[in-house]
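Engineer: coordinates only, sequence not included:
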């Protein structure tokens, strides 16, 4: 069985040698299954899904480290299943990955014996699933935050400091939840536009 | 390899609601979409990064704004060292900021129950300039406005007086609710 070609510190895209036309998830899954480990296809799968799995992990585990572990575990499980031809409907790759995320979060298997066995199977392979993305320029963000309307800044700070839903922020500020959602939406869009505009 | 993009993108409001756990009934469907959609998951990732940046900015005290009493308490319980000043209406207070302070907040006592719009004017009487914060958030049931000045800016202040004024605005008419003097010492 060929080993995974991913290495720590390398981007998934960097392992792809030549540009390949748009390929949907189903075709990608089939390609991995048929070749029992096409390195380019596996790298592409990891590049596509690592950020999404990480978001799922952050949302449910509220931990960057937990999310990073989840990315590795889910990708390893997915590649193992695909190589073994165990995914019957390749068109449901995203659903399979989501289901695996849910099950792993429920089971709390991250870092457990199952992972160790899978890593032994892919002994020469390491999946570096950290996906830090473009670092945020905090000074730029602070400058953009200062330019928001007063209510927008108050609502965004009170929302995102510890990720409070609209009804909690509304109660604290004497506003309606609907009003908070409107202010929040307007504020985050302004902030995104400001940070993005200055970054380019 | 490029990949297909989704046709029906989730609106930003839906992404925020999902992330903040507001729409439990739609959570499963949203997750299905996000796992299959590079564009929407990238948009959510951007929002999450902005949120993380806001949290870091807040923890560093590098913002100014009006907060709520419960939020200040949450900051304190989260380990932030919050220096607080309670200033009576038309009163004054001797104040400072130390290297150990993460945040300084001032409670400006005022009757707010009949106020529709509230502006806050902060006057630096040393430097000779003023900042008007228009239409600040406030709880009409509260008896004070909680002002958090930028901690980094505070540290740069020379000693001397600053003043905050709360102004109620209704139908274009302004009414001063209170004046609050801060005798700042470095």
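Structural biologist: Alright, I've got the coordinates. Keep in mind that what you see is a predicted model, and the values were worked out from it rather than measured.
Engineer: give the residue farthest from the middle of chain A.
Structural biologist: Taking C-alpha atoms, centre = their mean, the residue of chain A most remote from its mean C-alpha position is residue A:174, at 35.1 Å.
Engineer: domains in the chain, by residue range?
Structural biologist: Just so you know, I chose chain A. What automatic domain parsing lists as the domains of chain A is A:13-121, A:138-199.
Engineer: I was after chain B.
Structural biologist: When chain B is parsed with automatic domain parsing, its domains come out as B:12-58, B:64-184.
Engineer: strands along chain B, start to end?
Structural biologist: Along chain B, the segments classed as strands by DSSP state E run B:65-67, B:82-87, B:92-95, B:103-109, B:117-124, B:129-133, B:144-148, B:160-170, B:173-184.
Engineer: out of those, deepest packed?
Structural biologist: The highest mean neighbour count among these belongs to strand B:65-67 (a mean of 24), with neighbours defined as mean count of other C-beta atoms under 10 Å in any protein chain shown. C-beta coordinates here come from the backbone N, C-alpha and C atoms, glycine included.
Engineer: remind me which residues of chain A are low pLDDT?
Structural biologist: Applying pLDDT under 70 to chain A picks out residues A:1-21, A:109-134, A:198-200.
Engineer: revised request: answer the last question for chain B.
Structural biologist: Looking at chain B by pLDDT under 70, you get B:1-5.
Engineer: go again using 80 as the cut-off
Structural biologist: B:1-7 (pLDDT under 80).
Engineer: centre-most residue in it?
Structural biologist: Nearest to chain B centroid, counting by C-alpha atoms, centre = their mean: residue B:65, 4.0 Å.
Engineer: coming back round to it: format the domains of chain B as a markdown table; extra columns: distance to chain A.
Structural biologist: A markdown table is the format used below for the domains of chain B (distance: least, C-beta to the nearest C-beta, whole Å):
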| stretch | distance to chain A |
| --- | --- |
| domain B:12-58 | 4 |
| domain B:64-184 | 3 |
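Engineer: got a markdown table for these, with distance to residue A:79 too?
Structural biologist: Putting these into a markdown table (distance: least, C-beta to C-beta, whole Å) gives the following:
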| stretch | distance to residue A:79 |
| --- | --- |
| domain B:12-58 | 16 |
| domain B:64-184 | 39 |
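Engineer: stretch B:134-141: end-to-end distance?
Structural biologist: Using C-alpha to C-alpha, to the nearest Å, the end-to-end distance of stretch B:134-141 comes out at 20 Å.
Engineer: quickly compare the domains of chain A and say which is most buried.
Structural biologist: Taking mean count of other C-beta under 10 Å, domain A:138-199 is the most buried of these, at a mean of 19.
Engineer: ok, now how distant is residue A:188 from chain B?
Structural biologist: 6 Å (C-beta to the nearest C-beta, to the nearest Å).
Engineer: typo on my end, it should be residue A:102
Structural biologist: 8 Å.
Engineer: so for residue 101, what's the nearest residue that isn't a sequence neighbour?
Structural biologist: You didn't pick a chain, so chain A it is. The shortest distance from residue A:101 to any non-neighbouring residue, by C-beta to C-beta, 6 or more residues apart in numbering or on different chains, is to residue A:56 (4.8 Å).
Engineer: actually it's chain B I care about, not the one you picked
Structural biologist: Nearest one to residue B:101, counting by C-beta to C-beta, 6+ apart, is residue B:83 at 4.6 Å.
Engineer: likewise for residue B:153?
Structural biologist: Counting by C-beta to C-beta, 6+ apart, the residue nearest residue B:153 is residue B:64, at 7.3 Å.
Engineer: tell me how many other residues crowd the one you found.
Structural biologist: Residues near residue B:64, counting by other C-beta atoms under 10 Å in any protein chain shown, number 20.
Engineer: quick check: the gap between residue A:174 and chain B.
Structural biologist: Taking C-beta to the nearest C-beta, one finds residue A:174 at 3 Å from chain B.
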